[in-house]
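Undergrad: missing the sequence, but the structure's below:
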């Protein structure tokens, strides 16, 4: 990772956490009867990430290239608008959970999730020019968002379960299973995408090297996928037998590894133009 690309790596990670959390929270809020306290805590956490994402892009003057990595400047204003819109809708969602009817909060949550997802697609278009294809960058960012959001929301639900001990196990089982499925799909797609060369490699010494000889790539695959897949599988199995303390601890470990793996993936993307 170059110092010039660091802010954009942070921007992508924050946007992914925000969009993925909004999407997974909306999905499970429709499927299960989640407690009001959990929904408020999750919505406040998501709003914090949305504000950080919006603040990050506000602080950046995006150039036409970053260390030789080309940028699609035509998408800049659209991306900014969608990220700021996600903040507004996330704030309205939080307020609706506090004051309004559940149906209204579900609608606002879904709208916020749609805005966050649209922002991810816009970010993929903004940063995809050097990559093999816009579509593989978009798929990679979407799956990464679901993995980050799913693990965060599941971990928070595990904490909420431990404070009560009387909640049903089904939401925890479903959240862990969802995160595991997203991780497996993300790992498979990343393995395929990493074999596709950059269409227009950035001008730096890393881009012209062999990605498979880069130790950071194997850290991304092992720490970012291998370890969290194992931890999430164990968390899912523990949830099936009501071992919620073990489930929550394992999801903590999985979230940390996923966050590290996604950060490495974005850093490699900016230095090689290869979707990882």
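TA: That came through, no problem. It should be emphasised that the depicted structure is a prediction, and the values quoted were computed from it without experimental measurement. Numbering: from 1, shown residues only.
Undergrad: what about the strands in this structure?
TA: In the chain, the strands defined using DSSP state E lie at 65-66, 69-70.
Undergrad: how far is the last one from where the chain is centred?
TA: Looking back up the chat, that one is strand 69-70. 23 Å (CA atoms, centre = their mean, to the nearest Å).
Undergrad: try stretch 140-160
TA: On CA atoms, centre = their mean, the centre of stretch 140-160 falls 7 Å from the chain's centre.
Undergrad: which parts of that stretch are buried?
TA: 140-158, 160 (16 or more other CB atoms under 10 Å). Heads up, the C-betas are built off the backbone N, CA and C, glycines and all.
Undergrad: Name the single longest helix found in the chain.
TA: Longest helix of the chain, by residue count under DSSP state H: helix 134-164.
Undergrad: mind checking pLDDT for residue 207?
TA: Turning to residue 207, the model gives it a pLDDT of 52.
Undergrad: Likewise for residue 126?
TA: So, for residue 126, pLDDT stands at 96.
Undergrad: ok, now residue 38?
TA: For residue 38, pLDDT reads 91.
Undergrad: And residue 31, by the same measure?
TA: The model's pLDDT for residue 31 equals 85.
Undergrad: Now stretch 96-114: buried residues?
TA: Residues 96, 97, 105, 106, 108, 109, 110, 111, 112, 113, 114 are the ones in stretch 96-114 that count as buried (16+ other CB under 10 Å).
Undergrad: What are the contacting residues of it?
TA: By CB atoms under 8 Å, 6 or more residues apart in numbering, the residues outside stretch 96-114 that reach it are 19, 22-23, 25-26, 29-30, 36, 39-40, 43, 86, 89-90, 92-93.
Undergrad: at 6 Å instead, please
TA: 22, 23, 26, 39, 40, 43, 89, 90, 92, 93 (CB atoms under 6 Å, 6 or more residues apart in numbering).
Undergrad: likewise stretch 50-68?
TA: Outside stretch 50-68, the residues touching it (CB under 6 Å, 6+ apart) are 2, 4-5, 7, 11, 14-15, 18, 71, 73, 76, 80, 83-84, 86-87, 90, 202-204.
Undergrad: could you flag which of those are buried?
TA: Buried among the contacts of stretch 50-68 (16+ other CB under 10 Å): 2, 5, 11, 14-15, 18, 71, 76, 80, 83-84, 86-87, 90, 202, 204.
Undergrad: circling back: right, so the strands of the chain: which one is the most enclosed?
TA: Mean neighbour count (mean count of other CB atoms under 10 Å) peaks for strand 69-70 among the strands of the chain, with a mean of 22.
Undergrad: Provide the strand pairings for it, with the direction of each partner.
TA: Applying DSSP bridges, strand 69-70 is found paired with strand 65-66 (antiparallel).
Undergrad: What's the mean pLDDT across the strand it pairs with?
TA: 82.
Undergrad: One more: stretch 41-49?
TA: pLDDT averaged over stretch 41-49 gives 96.
Undergrad: Okay, helices next: where are they in the stretch 101-250 of the chain?
TA: Assigned by DSSP state H, counting those that start in this stretch, the helices in the stretch 101-250 of the chain fall at 102-127, 134-164, 170-193, 215-221, 227-240, 244-272.
Undergrad: how about JSON lines for those, with distance to residue 53 added?
TA: Output for the helices of the stretch 101-250 of the chain, formatted as JSON lines (distance: least, CB to CB, whole Å):
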{"stretch": "helix 102-127", "distance to residue 53": "8"}
{"stretch": "helix 134-164", "distance to residue 53": "12"}
{"stretch": "helix 170-193", "distance to residue 53": "20"}
{"stretch": "helix 215-221", "distance to residue 53": "22"}
{"stretch": "helix 227-240", "distance to residue 53": "23"}
{"stretch": "helix 244-272", "distance to residue 53": "14"}
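Undergrad: Go through those helices and find the least confident stretch.
TA: Taking the mean pLDDT of the helices of the stretch 101-250 of the chain, helix 215-221 comes last: a mean of 89.
Undergrad: Cool, thanks, talk later.
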